[in-house]
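return a 3D structure for these sequence lines:
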Amino acid sequence: MESAGQDINLNSPNKGLLSDAMMDVPVDSAAAARTAAPEGLSAAEEEELRAEIAKVEEEIGTLRQVLAAKERHCGELKRKLGLTPLDGLKQNLSKSWHDVQVSNAYVRTSEKLGEWNDKVTQSDFYKKTQETLSQAGQKTSAALSNVGSVISRKLGDMRNSATFKSFEDRVGTIKSRVVGSRENSTDGLQSPSAGDKPPQDNAPF
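Just a heads-up that it's a prediction; the model follows:
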């Protein structure tokens, strides 16, 4: 496919050449490089400002090179001291946090929070809520203490009741019987003496 303004055939002797219509358009390289000057500026003032911009950009480039050299030198010194990048990060974070703490915004925020805290703690609603919670805690502790006392008293009453004593007596009687029967059975299982051995049958062959 061929465009209207240029022959893109690589074998064509006219390759890369512009059309006659485009060759007729005058091109001012200096004018193209410049933007339209703002109103109120003369040509001399514009040239002065452009020269100042070029000078400042050159100084920025120089400062960047100096900064890069300083950073490399600083890294070499840290390596000689055995400092790791993590140590540098910790130091930077500590310094940043210190800068935040001494900043005006942080100080004002801390003061505001302190004022709000004082207002909240001194308000009637906060005091009533605190008193209510304190009373609820005291009531809960008293209730738990009463429950423990009631349980202890009930256990004492149960141990002193006739039913519990009768049960203890029965358990004691059963225990005595079991122990006695074990002792009797032990006496009955004693091995016979040598004199009680039955005579052997020595019948002749």
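
quick one, phi psi at residue 68?
phi -60, psi -40 (degrees, to the nearest 10).

also residue 134?
Dihedral angles for residue 134 - degrees, to the nearest 10 - are phi -70, psi -40.

now residue 83
The phi and psi values for residue 83, taken as degrees, to the nearest 10, are phi -80, psi 130.

cool, residue 123 as well?
phi -80, psi 150.

least trustworthy helix or strand in this structure by mean pLDDT?
Counting by mean pLDDT, DSSP states H and E, the chain has its least confident helix or strand at helix 29-33, which shows a mean of 45.

so where's the chain uncertain?
1-38, 180-205 (pLDDT under 70).

which stretches in this protein count as strands?
Assigned by DSSP state E, the strands in the chain number zero.

give the contact list for residue 169.
Taking CB atoms under 8 Å, 6 or more residues apart in numbering, we find residue 169 in contact with no residue. Any C-beta I mention is one placed from the backbone N, CA and C, and that applies to glycine too.

how near is it to residue 155?
19 Å (CB to CB, to the nearest Å).

same check on residue 99?
Where residue 155 is concerned, residue 99 sits at a distance of 67 Å (CB to CB).

what's around residue 164, how many residues?
If you count neighbours by other CB atoms under 10 Å, residue 164 ends up with 13.

with adjacent residues omitted, what lies nearest to it?
residue 158 (5.6 Å; CB to CB, 6 or more residues apart in numbering).

the one you found reaches residue 165, doesn't it?
No. Using CB atoms under 8 Å, residue 158 makes no contact with residue 165, being 10.3 Å away.

can you pull out the helices in this structure?
Using DSSP state H, the helices of the chain run over residues 20-23, 29-33, 43-81, 85-102, 104-122, 124-160, 162-188.

any buried residues in the third one, and which?
What that stands for is helix 43-81. Within helix 43-81, no residue qualifies as buried by neighbour count (16 or more other CB atoms under 10 Å).

how deep is residue 106 tucked in, by neighbour count?
Quick note: residue 106 (other CB under 10 Å) scores 13 neighbours.

in space, what's closest to it - neighbours in sequence excluded?
The nearest residue in space to residue 106 (CB to CB, 6+ apart) is residue 100, at 5.3 Å.

what number of residues lie near the one you found?
10.

any idea how far residue 74 is from it?
24 Å.

distance of the closest residue to residue 78 other than its chain neighbours relative to residue 177?
Distances taken as CB to CB, 6+ apart put residue 88 closest to residue 78, at 6.7 Å, once the chain neighbours are dropped. Here residue 88 is placed at a distance of 87 Å from residue 177 (CB to CB).

how about residue 120?
Taking CB to CB, one finds residue 120 at 75 Å from residue 177.

what's the answer for residue 144, then?
44 Å.

repeat that for residue 127.
71 Å.

so residue 78 is in contact with residue 86, correct?
No. Between residue 78 and residue 86 there is no contact under CB under 8 Å: 11.3 Å.

neighbours of residue 116, how many?
Applying other CB under 10 Å, we find 10 residues neighbouring residue 116.

er, residue 97 I mean
Using other CB under 10 Å: residue 97 sits among 11 other residues.

against residue 142, how distant is it?
Residue 97 is 48 Å from residue 142, by CB to CB.
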